[in-house]
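Colleague: With the input below, show me the fold.
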Amino acid sequence: MFERLAIVGTGAIGSVIGAYLSREGRDITLIDTWADHVEAMKANGIHITAENGEFTTPVHAMHLGEANTIPDQFDAIFLAVKSYDTVWATHFAMNYLKPTGVIISSQNGVNDEIIAPIVGFSRVMACVITLGAGLYEPGYAIHTGDPYKLSFTVGELTGLETERVKALAEVMSDIGVTKVSRNIWGERWAKLAVNSMANPIAASTGLGSADVRRTPGVVDVAINVAAEVVQVGKALGIQMEAISGVPAEDYLPTDNAEAMEDVKSRLAEGAGSLGAGRPSMLQDVMKGRRTEIEFLNGYVARRGDALGINTPFCDGIVDVVKRVERGELKSEEANLEPLKAML
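Modeller: Numbering: from 1, shown residues only. Next comes the predicted model:
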């Protein structure tokens, strides 16, 4: 069913997906706009460093401008571009997709809502990423975190457990532990909460994934961000799955101080499995690139505003990240002081 594959966007996640599937003998084409990275992959393949070892594998890589040489259409195309590139990347991918083919959103954010109106609801599948990855030089990607924990959750937007979603899960299992979900929107929003907690706080402070969860004060801000995501998600009728192993409801404001301390303890306990990984937004800031803040906390704030739900922590972190983007602030913990003052 998924014999011929492509991935548009070979940043950290795209490179990891492409490398592992190539190593397993899958027919996958890697398409990207970063010329140096494409040339490195063409010449030497991709080198992957992971917690359980490293390997180098040849891959079929090409520049975006070379796509007009592709002879046959694909059964499935993974989108692993930044959220702000979703629209053009979707239109681009459609040109190379079989009539029965699907686009698989392997991105941060709730981009399924953007892709579906372009290609058709039935031609979109979701892939929620829970592995960590980094890419700092051409041809070399890092797979961070525990390789034996859940890496992917795949699902149909309808919630049906179809044959094609089972087939996709089989493909993704070549990379890491994969499950099929009947509640992919709940999974997507849970990941949105994780991203809205970790990404902007890391970008604002320079802290890595693990330290965001276990640094006093910082983790309190993260929990309040998650609470706003949960409140907005609930108002939209989303049945959110656990967020970093903690039930979504447990993030909501409460007078029970012991319950909040338990949430913090559970987040700190789970931090040990994250290794030395850096969230993608911190990687973007380090590289001087535009971030996805408007598609994470900004998205939550906009949906909250439409529903009449206040989101002061999401609003505040959006402002901080934009100032870091513009070079007005350096990434340091002091940037969170205005948010800590709201605790």
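Colleague: shaky segments in this protein?
Modeller: Applying pLDDT under 70 to the chain picks out residues 271-276.
Colleague: What about residue 269, how many residues nearby?
Modeller: Per other C-beta atoms under 10 Å, the neighbour tally for residue 269 reads 12. Backbone N, C-alpha and C define where each C-beta goes, glycine included.
Colleague: Over to residue 44?
Modeller: Per other C-beta under 10 Å, the neighbour tally for residue 44 reads 14.
Colleague: now the strands: where do they sit in the chain?
Modeller: Here the chain has its strands, by DSSP state E, at 4-8, 27-32, 46-50, 53-57, 60-63, 74-79, 97-105, 124-129, 132-137, 140-144, 150-156, 177-180.
Colleague: buried set for the fifth one?
Modeller: Right, strand 60-63. 61-62 (16 or more other C-beta atoms under 10 Å).
Colleague: Parallel or antiparallel, which strands does that strand pair with?
Modeller: In its sheet, strand 60-63 lies beside strand 27-32 (parallel), with partners assigned from DSSP bridges.
Colleague: still on that earlier bit, which among the strands of the chain is found nearest to residue 284?
Modeller: strand 132-137 (11.1 Å; C-beta to C-beta).
Colleague: List the contacts of that closest one.
Modeller: Here strand 132-137 makes contact (C-beta atoms under 8 Å, 6 or more residues apart in numbering) with 11-13, 15-16, 37, 141-145, 209, 274-275, 277-278, 283.
Colleague: what angle do that strand and strand 150-156 make?
Modeller: Calculated by axes from the mean of the first three to the mean of the last three C-alpha atoms, to 10 degrees, strand 132-137 forms an angle of 110 degrees with strand 150-156.
Colleague: who does strand 132-137 pair up with?
Modeller: Checking strand 132-137 against DSSP bridges gives partners strand 140-144 (antiparallel).
Colleague: CA atoms only: put the strand it pairs with into PDB for me.
Modeller: The C-alpha coordinates for strand 140-144 follow below in PDB (Å, rounded to 0.1, in the frame of the first residue of the first chain):
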ATOM      1  CA  TYR A 140      24.500  14.600  10.300                       C
ATOM      2  CA  ALA A 141      21.300  14.100  12.300                       C
ATOM      3  CA  ILE A 142      20.800  13.200  16.000                       C
ATOM      4  CA  HIS A 143      18.100  11.000  17.300                       C
ATOM      5  CA  THR A 144      17.700  12.000  21.000                       C
END
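Colleague: So what touches it?
Modeller: Surrounding strand 140-144, the residues in contact under the criterion C-beta under 8 Å, 6+ apart are 12, 15-16, 19, 46-51, 131-136, 209, 274-277.
Colleague: Can you say which of these are buried?
Modeller: Buried residues within the contacts of strand 140-144, counting neighbours by 16+ other C-beta under 10 Å: 12, 15-16, 19, 46-48, 50-51, 131-135, 209, 274-275, 277.
Colleague: Distance from stretch 80-88 to the middle of the chain?
Modeller: 12 Å (C-alpha atoms, centre = their mean, to the nearest Å).
Colleague: Apologies, that question was intended for stretch 204-211.
Modeller: In this view, stretch 204-211 has its centroid 16 Å away from the chain centroid, taken as C-alpha atoms, centre = their mean.
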